[in-house]
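Student: All I have is the shape, not the residue letters:
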């Protein structure tokens, strides 16, 4: 399953709920303000790092760039562009958006 989170971890608990409910082997794609969670020094960085052994963590590169955070991405986070976003959606049978 592909989980898509678009809200900042400081604004809502969507990311926390997603990480708690996602099953081992699932993919999590962070877009829009949720990309702050995959930056070093961010409030949610420890939660992302703790989830990495069980989940594939992706972030939308253009959203990181738009926020000036492209150089602060945690090791192990896979960056995708818009084409990669589409690829992730087509590779997974189901998608869950966390609002």
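Tutor: Arrived safely. All of these numbers come straight from a predicted model, not from anything done at the bench.
Student: For residue 58, see how far away the most centrally placed residue in the chain is.
Tutor: Geometric centre of the chain, nearest residue: residue 30, 2.8 Å, by Cα atoms, centre = their mean. For residue 30, the distance to residue 58 equals 7 Å [Cβ to Cβ, to the nearest Å]. Every residue, glycine included, has its C-beta placed from N, CA and C.
Student: Repeat that for residue 69.
Tutor: According to Cβ to Cβ, residue 69 and residue 58 sit 15 Å apart.
Student: Kindly report the same for residue 82.
Tutor: Going from residue 82 to residue 58 by Cβ to Cβ gives 12 Å.
Student: Then residue 71?
Tutor: 18 Å.
Student: Who has more neighbours out of these two?
Tutor: Using other Cβ atoms under 10 Å, the more surrounded residue of residue 71 and residue 58 is residue 58, with 22 against 9.
Student: what are the phi and psi angles of that one?
Tutor: For residue 58, the backbone dihedrals (degrees, to the nearest 10) come out as phi -120, psi 150.
Student: Residue 78 is in contact with that one, correct?
Tutor: Yes: if you go by Cβ atoms under 8 Å, residue 58 and residue 78 touch, sitting 4.9 Å apart.
Student: From the contact counts, what lies against the longest helix seen in the chain?
Tutor: Longest helix in the chain by number of residues, with DSSP state H as the criterion: helix 82-91. Judged by 3 or more Cβ pairs under 8 Å, 6 or more residues apart in numbering; DSSP states H and E, helix 82-91 is in contact with strand 2-5, strand 27-30, strand 56-60.
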